[in-house]
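K.L.:
how would this look folded up:
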Amino acid sequence: MVRNFESCATLKRIGITLGDCAGIGPEIVDLALKSGRLPDSAEYKIIGEDHDCSLGIPTIETSRAAATALEEAVTLARRGELDAVVTGPVHKARMYEAGFKFTGQTEFFA
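P.N.:
As a prediction, this is how the structure comes out:
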């Protein structure tokens with residue numbers, strides 16, 4: 001299904017978490033922002049850091065960084081600084097091992 005995202009006129013500030021840097025999250029975010037397919041009417045805030053890490057090898061540290069980005073996104077949204085949040089992919093099992101007590105991002109935001 002293709003949607004006309006320009007019709008979402010009230011969504012202007014969108015936070016995007018990078019996900020786990022050991023995965024495809026940072027690359028997907030970069031490609032999406034460079035694609036020219038995202039609405040110009042929105043303001044995008046990248047949340048999280050693209051750490052120097054080994055692709056395909058999620059660690060406790062990369063998972064903690066992904067969890068920190070999710071927490072920052074919630075803080076910004078609660079303060080009214082974001083209208084929406086898009087989350088990058090994470091390694092859920094590694095996140096849990098790192099102390100993240102939710103089964104995924106959706107449950108965290110709920």
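K.L.:
Show me the shaky parts of this structure.
P.N.:
The chain contains residues with pLDDT under 70 at 1-11.
K.L.:
the strands in it, which residues?
P.N.:
Secondary structure of the chain (DSSP state E): strands at 13-17, 43-47, 84-86.
K.L.:
For residue 61, find the nearest of those strands.
P.N.:
Checking those against residue 61 by Cβ to Cβ gives strand 13-17 as the closest, at 16.2 Å. For the C-beta atoms, the positions are set from N, CA and C on the backbone; glycine is no exception.
K.L.:
and the angle for the closest one with strand 43-47?
P.N.:
30 degrees (axes from the mean of the first three to the mean of the last three Cα atoms, to 10 degrees).
K.L.:
Would you give the sheet partners of strand 13-17, along with the direction of each?
P.N.:
strand 43-47 (parallel), strand 84-86 (parallel) (DSSP bridges).
K.L.:
Can you add distance to residue 21 and mean neighbour count and give these back as CSV?
P.N.:
Converted to CSV, the strands paired with strand 13-17 look like this (distance: least, Cβ to Cβ, whole Å; neighbours: other Cβ atoms under 10 Å):
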stretch, distance to residue 21, mean neighbour count
strand 43-47, 12, 16
strand 84-86, 16, 17
